[in-house]
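Student: could you look at this predicted model? Sequence included:
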Amino acid sequence: RAEVSRRIKQLSRKDFWYSVVGYAGSLIAGALPAGEAVLFGLITGNFFLLDNGDEMKATNTSLSLWFILLALLSFLGNVMSGIGFGVTGSRLTCRLRVLVFEKLMRYTISFFDFPENSTGELTTRLEEDSELVSNVTGQQLGQRVQVFATLATGLCTALAFSWEVGLTAMGCVPL
């Protein structure tokens, strides 16, 4: 398993900067739900804390404008993640298919006489194995990074606003 991971990293080395863009985009997109929660909390709190309607409207309008920034950051983060991990995953899949195909072409003709090595069986296995590797390194990796970033920023936000709630939330996170 470690050998496979090392080999995948070696094959993906050419696309290092795309991976960096993908990780950065996933981290940005994953951190945004905590910011949305804080904004919603501030806006909702103003309904109970402010008595003057004009002041409440002005304050909540300025807070609502922050959602435009969050939308732009969400767009940027998701585009970065999609491009970064999409390019990395598709290029890695292409490289793997070429390597496996080259290896298959070096076998003797008698190798293909066995039923488990028929043309259809080999092309199906080539497609499935390449797709599995793509799932590990492509968009699904971006989703996992985004979920981790959401969890981390959510816990940090909870701890910053109320340490009791933050500790309770940490106790609810499955290992």
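Tutor: Arrived safely, thanks for sending.

Student: distance check, Leu50 against Asp113.
Tutor: Counting by Cβ to Cβ, to the nearest Å, the gap from Leu50 to Asp113 is 82 Å. Any C-beta I mention is one placed from the backbone N, CA and C, and that applies to glycine too.

Student: neighbours of Tyr23, just the number please.
Tutor: 19 (other Cβ atoms under 10 Å).

Student: distance-wise, check it relative to Ser64.
Tutor: 31 Å.

Student: same question for Ala169.
Tutor: 26 Å.

Student: those two: who's more crowded?
Tutor: The neighbour comparison of Ala169 against Ser64 (other Cβ under 10 Å) goes to Ala169, with 16 against 11.

Student: that one against Cys156, yeah?
Tutor: No - Ala169 lies out of contact with Cys156 (Cβ atoms under 8 Å); the separation is 10.3 Å.

Student: what's the end-to-end length of stretch 133-144?
Tutor: Terminal residues of stretch 133-144 lie 15 Å apart, using Cα to Cα, to the nearest Å.

Student: what comes up buried for that stretch?
Tutor: By neighbour count on 16 or more other Cβ atoms under 10 Å, the buried set for stretch 133-144 is Val133, Ser134, Thr137, Gly138, Gln139, Leu141, Gly142.

Student: let's see the pLDDT reported for the residue positioned nearest the centre of the chain.
Tutor: Of all residues in the chain, the one closest to the mean position by Cα atoms, centre = their mean is Gly142, 1.9 Å from it. On pLDDT, Gly142 comes in at 88.

Student: contacting residues for it?
Tutor: Contacts for Gly142 (Cβ atoms under 8 Å, 6 or more residues apart in numbering) come out as Gly22, Gly25, Ser26, Ser81, Gly82, Gly84, Phe85.

Student: rerun at 7 Å
Tutor: The contact partners of Gly142, taken as Cβ atoms under 7 Å, 6 or more residues apart in numbering, are Gly22, Ser26, Ser81, Phe85.

Student: how close does it get to Tyr18?
Tutor: Taking Cβ to Cβ, one finds Gly142 at 11 Å from Tyr18.

Student: by contact count, what packs against the helix or strand hosting Met80?
Tutor: Remark: Met80 resides in helix 53-105, with elements defined by DSSP states H and E. Contacts defined by 3 or more Cβ pairs under 7 Å, 6 or more residues apart in numbering; DSSP states H and E place helix 53-105 against helix 2-12, helix 16-49, helix 119-137, helix 139-161.

Student: of those helices, which is nearest Leu99?
Tutor: helix 2-12 (8.1 Å; Cβ to Cβ).

Student: can you name the residues in contact with that closest one?
Tutor: Ser19, Thr88, Leu92, Arg95, Leu96, Val133, Thr137.
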